[in-house]
Structures are given as C-alpha cells and as structure tokens.
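> need a structure here:
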Amino acid sequence: MSALFAAALFGYLLGSIPFGLLLTRLGGYGDVRRLGSGNIGATNVLRTGSKALAALTLLLDLAKGAAAVMIAQGLDVRAGLVAAGCAILGHMFPVWLGFRGGKGVATALGVLIPLAWPVAAVALLLWLATATAFQYSSLAALVAAVAGAGIAPLIVDRPTAFVIAGIALLIIVRHYPNVRRLIAGTESRISFK
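Numbers count the residues shown, from 1 in each chain. Below is the predicted model:
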C-alpha cells in the first residue's frame, strides 16, 4: 500500500509542474493564464505567438506523464496505473496554482505511451486528423479521448483500460466549456501555419 501512496504522490507532484506557465514567464511573455483560455497547456501557450515555446510545453507535459508512469512501474504495475491517474490530476489541479491547471491532453498522451502505446498511437493520429480537418484543438482532444477509451479494452487488460477510461472522462469534463463554445460556434481555431 505504501508503494501505491508513493506512486500517487509522485505522479501528482510531477504532473503538477506547470511547464506552460514557467516557460512563458522565462520567455518574457508573462502569465499565460491571462491569455486565451487561461489554461497552462500548449494550445494556450501557442497564443503567445511562440511556436517554439508551445512545442516545448507540449513535449515537457508529455514527458512528465510518461516519466511518472515509467518510474512508478519500477515499483509495481499497479503503481504505474496510480501514477498515471495522479499525473493527470496534478496537471489539471496543481496545488501550486490553486488547483487551476490545464486540460491534461498532452500529459494523457504521455501516460499512454508506457501504459498502452498502440492506444497512444491511435489517439495521436485521430487528434492530428481532427485538428487538421476542423482546426479545433478541443474537438481533436475529445475525439482522441473517446476513441482511446473505446479501443483500450480491445488492447490492454481491464485495470489499464479502466484507468484510460477514467482519464478520458476527466478530459471530457475539463472540456465542458469548449463543448459549449463548439456548439455555439464561438470556439477558437488553431492554425498549423
């Protein structure tokens, strides 16, 4: 039980590192939470106009999710699952920022890579296809989350599929304001140019 608690705490603390906020401050762009959606993730960092900072935010958010799982898996398979869920919670609700963080999409992809890389590959391809076709990051995230949860039971064991479904549900809930804007036709688009 102590290994699971350690994995939970480690996953949460690693997940709660707000790379988007740290990088935009270091880059001289101020507090990224004052831009666009107010989130700390890569999509909002892109609104600073710095593609390099947005890409670095994406990679670091992905890396912290993957690292949380891989390190915890060294303790126990179940510890890896616990760390996965807690890394997502840490990103979404970081203690350092008054529990107001990002939406967890990049960190979710990061945890999926060591947990179930085929699910991660499908989710990434669907995100890219949806984002390219419709230019909505939020819609792409929702499609990827639902698809990942849907195919996971066909690829991984039941506990892992359950964790992946839980992560997908968290992502969907965090995107509730985006869903409302998508329906209203007021959601911001992204550009790959």
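> Go through this structure and flag its longest helix.
Ordering each helix of the chain by length in residues (DSSP state H) puts helix 51-73 first.
> For it, the averaged confidence score.
For helix 51-73, mean pLDDT rounds to 97.
> Let the chain start at 274 from now.
Done: numbering now begins at 274, and the last item shifts to helix 324-346.
> Tell me what angle the next helix or strand after that helix forms with helix 324-346.
Sequence-wise, the next helix or strand downstream of helix 324-346 (DSSP states H and E) is helix 350-365. Taking axes from the mean of the first three to the mean of the last three C-alpha atoms, to 10 degrees, one finds helix 350-365 and helix 324-346 inclined to each other by 150 degrees.
> any residues touching the lowest-mean-pLDDT helix or strand in the chain, and which ones?
When the helices and strands of the chain are scored by mean pLDDT, DSSP states H and E, helix 315-319 comes last with a mean of 90. Helix 315-319 is touched from outside by 293, 296-297, 305, 308-311, 326-328, 330-331, 334, 375, 379, 410, 463, with contacts defined as C-beta atoms under 8 Å, 6 or more residues apart in numbering. Heads up, the C-betas are built off the backbone N, CA and C, glycines and all.
> Next: stretch 422-433.
351, 354, 388-389, 391-392, 395, 434, 437-438, 440-442.
> and what of stretch 333-349?
Residues contacting stretch 333-349 (C-beta under 8 Å, 6+ apart): 276-277, 279-280, 283-284, 287-288, 290, 292-293, 296, 314-315, 352-353, 355-357, 359-361, 364, 375, 379-388.
> for that stretch, which positions count as buried?
333-346, 348 (16 or more other C-beta atoms under 10 Å).
> now swap in stretch 387-407 and tell me
P387, L388, A389, V392, A393, V395, A396, L399, W400, T403, A404, F407.
> Now do the host helix or strand of the first one against helix 350-365, angle only.
Taking DSSP H and E as the definition, P387 sits inside helix 378-388. Computed by the same axes, to 10 degrees, the angle separating helix 378-388 from helix 350-365 equals 170 degrees.
> helices or strands up against helix 378-388?
helix 324-346, helix 350-365, helix 390-407, helix 410-428, helix 431-447 (3 or more C-beta pairs under 8 Å, 6 or more residues apart in numbering; DSSP states H and E).
> quick one on the thing from earlier: select only the buried ones of the contacts of helix 315-319 in ChimeraX?
This is how ChimeraX selects the buried members of the contacts of helix 315-319, with burial counted by 16+ other C-beta under 10 Å:
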select :293,296,297,305,308,310,326,327,330,331,334,375,379,410,463
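> V419 and A396: what is the separation?
For V419, the distance to A396 (C-beta to C-beta, to the nearest Å) stands at 10 Å.
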